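In: here is my input, please return the structure:
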Amino acid sequence: MARKQEYLKSGLVVGKVADVQEKRSKKGKGTPYLFISIQCGNPELGNVMTFGKIWGAKRIEEFLAYYTAHAAEGIELIGFFSQYRDANGIVRSNYSFVRFHPDHTGDWRAAFALRGYIAVKDLDDEGRPLLSLKVVDERTNRREQDEEESEAKEEIFQVYVHPRAEYKNIKAGASFDDVQIDDYVEVPGFLRTEAPRDRYGREMSDIRPYAMIIERLERPALP
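Out: Numbers count the residues shown, from 1 in each chain. Below you'll find the model as predicted:
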């Protein structure tokens, strides 16, 4: 049986491509990549538009060929979830994609799954539960965009905890209060609004990365 990865930062986006731009990295050798905008909202999760990149000449060629022929169709993009701070210090979420498939389900969403250690447990300025997870990128970063980064890299992901989040392997009736710093957890969720649209189509909150499950895991055995 394959050893379960200690860390995870997977991403899945299902929706319709709204825009594709060909760009070059500002680091290293100026490697080309695609910058993709995807409309992936639905009535429950909100009017979500997210963004991702595709790296590598072969992947770029395959995606452009597919998109040219199927621009009006739904698509499923699979890869890695990412975060960064913008010029104002606000945490933003996006993706890097490594595979794609046609989608015929219409179940549009921008999802993520993180596995790592809780570094910070807090409330934001409006009292929303907030977690920071430490995830070490153990993939050998030999992707074209990371030519200069071959070592493992520690990343901190900031996610909100949805009011309807499910707590697993903690205790019966567990809540945010029972989550502890340094817990080893798996946290899947969505980019979404906190509440669905109202009857008039208005968004009830901003789009944020919301954890929908917090599952405490058994710590990996030391090598």
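In: low-confidence stretches in the protein?
Out: 1-4, 138-152, 204, 222-223 (pLDDT under 70).
In: which parts of it are helices?
Out: Secondary structure of the chain (DSSP state H): helices at 57-70.
In: now do the contacts for the residue most central in space within it.
Out: Centroid-nearest residue in the chain: Phe81, 3.3 Å away (criterion: Cα atoms, centre = their mean). Contacts for Phe81 were tallied using Cβ atoms under 8 Å, 6 or more residues apart in numbering; they are 9-11, 93, 95, 112-114, 157. C-beta: built from backbone N, CA, C; applies to glycine.
In: and which of the residues you listed is nearest Ile170?
Out: Leu114 (16.8 Å; Cβ to Cβ).
In: how close does the nearest residue to that closest one once chain neighbours are set aside get to Ala165?
Out: Leaving aside its chain neighbours, Leu114 sits nearest to Val187 (4.7 Å; criterion: Cβ to Cβ, 6 or more residues apart in numbering). Counting by Cβ to Cβ, to the nearest Å, the gap from Val187 to Ala165 is 9 Å.
In: give me the more crowded residue out of the two.
Out: Val187 (25 against 19; other Cβ atoms under 10 Å).
In: residues contacting that one?
Out: Contacts of Val187 (Cβ under 8 Å, 6+ apart): 113-115, 131, 133, 159, 211, 213-215.
In: most neighbours, which of those?
Out: Of all the contacts of Val187, Ile214 has the most neighbours under the rule other Cβ under 10 Å, reaching 28 neighbours.
In: right, and that one touches Gly189 too?
Out: No. Using Cβ atoms under 8 Å, Ile214 is not in contact with Gly189; the gap is 9.3 Å.
In: in this protein, which spans are strands?
Out: 8-24, 32-39, 49-55, 75-85, 91-102, 109-123, 129-137, 153-168, 184-192, 208-216 (DSSP state E).
In: tell me the buried residues in the fourth one?
Out: Of the residues in strand 75-85, those with enough neighbours to count as buried (16 or more other Cβ atoms under 10 Å) are 75-77, 79-83.
In: of these, closest to Lys26?
Out: Nearest to Lys26, judged by Cβ to Cβ, of the buried residues of strand 75-85 is Ser82 at 16.1 Å.
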